[in-house]
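K.L.:
next input, structure requested:
(one chain, ligands or ions: 1)
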Amino acid sequence: MGKHILLLGAPGAGKGTQSKRLASEFDLEHVTTGDALRANKDMDISDMDFEYDTPRAYMDAGELVPDDVVNEIVKTALQSADGYVLDGYPRNLDQAEYLSEITDLDAVLYLDVSEEELVDRLTGRRVCPECGSNYHVEFAPPAEEGVCDECGADLIQRDDDTEATVRERLSVYHENTEPVVDHYREEGVLVEIDGEQTPDDVFEDVASVVDDA
Ligand code: AP5
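P.N.:
Purely as a prediction, here's the structure:
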């Protein structure tokens, strides 16, 4: 059976960067609620009696999309995955409780990065709308400015990577997701990784935990 890996960290900690590489090198499914929600941003959820009518409205405000929507996405994705690396979920204690009801975990990793570094990383991030490749204007620039190395498409900034929305996402993280990190720490299963190393060095640490899981 494939391994079940959970990767935790604040917005910008490098979850997406490391998860993609883990998925490819360990032959795991990359289950990411952020990407799944971005692909379904305009889904009509008006019949579910939430504050907003689409995931987009929550995401652009830097708020969490309602649990009922996200839980369903994760359940469906995990059902069809053998091994997986889960990125972006759980983001509050209710989601963590739900996750424990639908699967078990072989390793829980936490990428530790300081707040100022997170803001720099997110406001400087550029993404490829075609193939999903990730860049940073300073830390990981493409060979030609504004152009994806992988597929040649023009790079864009994510709608929620403006400084104001980044600050809101970090405050939502402190309030809702840090308790999840503490929960796994108290259970004694959390492996903390220094996320401020180079991406290759972070990967070396992450991969050695996954190897042993
Ligand atoms: P989501 O897409 O999950 O965003 P996030 O958690 O805020 O994380 P990011 O994707 O922004 O950062 P990352 O940790 O993946 O970092 P990355 O590798 O890209 O969620 C977006 C929104 O969707 C949420 O705000 C919410 O509305 C909704 N949502 C998602 N899940 C939900 C849930 N479970 N419940 C409710 N709502 C949910 O790296 C960032 C940058 O840093 C890049 O530019 C990269 O090149 C650079 N970088 C990476 N590693 C390094 C390094 N080691 N050194 C230097 N630079 C680095």
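
K.L.:
after the helix or strand hosting I5 comes which helix or strand?
P.N.:
Using DSSP states H and E, I5 sits within strand 4-9. Remark: after strand 4-9, the chain's next helix or strand is helix 15-26, criterion DSSP H and E.

K.L.:
who in the protein is up against the ligand?
P.N.:
9, 11-17, 33-34, 37, 58-59, 62-65, 70, 88-89, 91, 95, 121-122, 125, 134-136, 139-140, 160, 169, 198-199, 202 (Cβ under 6 Å from any ligand atom). (Glycine included, C-beta is placed from N, CA and C.)

K.L.:
filter those down to the buried ones, ChimeraX style.
P.N.:
To isolate the buried ones among these in ChimeraX, judged by 16 or more other Cβ atoms under 10 Å, type:
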select :9,11,12,13,14,15,16,17,33,34,37,58,59,62,63,64,65,70,88,89,91,95,121,122,125,134,135,136,140,160,169,199,202
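
K.L.:
out of the residues of the chain next to the ligand, list just those in helices.
P.N.:
Mapping the residues of the chain next to the ligand onto helices (DSSP state H) picks out 15-17, 33-34, 37, 58-59, 70, 95, 121-122, 169, 199, 202.

K.L.:
and V127, bridged to which residues?
P.N.:
The partner list for V127 in beta bridges (DSSP bridges) reads N134, I156.

K.L.:
that one: neighbouring residues, count only.
P.N.:
Counted with other Cβ atoms under 10 Å, residues neighbouring V127 total 18.

K.L.:
and for the one 10 residues further on?
P.N.:
As a burial measure, V137 scores 16 neighbours (other Cβ under 10 Å).

K.L.:
excluding residues flanking it in the chain, which one is nearest it?
P.N.:
G124 (4.5 Å; Cβ to Cβ, 6 or more residues apart in numbering).

K.L.:
now do the same contact list for the one you found.
P.N.:
136-139 (Cβ atoms under 8 Å, 6 or more residues apart in numbering).

K.L.:
in the residues you listed, find the pair that's most separated.
P.N.:
Taking Cβ to Cβ, the two most distant members of the contacts of G124 are V137 and F139; they sit 8.0 Å apart.

K.L.:
how close does V147 sit to the ligand?
P.N.:
Separation of V147 from the ligand (Cβ to the nearest ligand atom, to the nearest Å) stands at 16 Å.

K.L.:
hey, what's that residue bridged with?
P.N.:
Per DSSP bridges, the residues bridged to V147 are D154.

K.L.:
let's number from 54 now, not from 1
P.N.:
Yes, from this point I'll number from 54; that puts the last item at V200.

K.L.:
quick check, it in contact with Y188.
P.N.:
No: proximity of V200 to Y188 does not meet the contact threshold set by Cβ atoms under 8 Å, at 9.7 Å.

K.L.:
quick check: neighbours shared by these two?
P.N.:
L208.

K.L.:
residue in this structure with the shortest distance to the ligand?
P.N.:
G87 (2.0 Å; Cβ to the nearest ligand atom).

K.L.:
so that residue touches R144, yeah?
P.N.:
No: G87 lies out of contact with R144 (Cβ under 8 Å); the separation is 10.0 Å.

K.L.:
mean confidence score for stretch 96-108?
P.N.:
The average pLDDT for stretch 96-108 rounds to 90.
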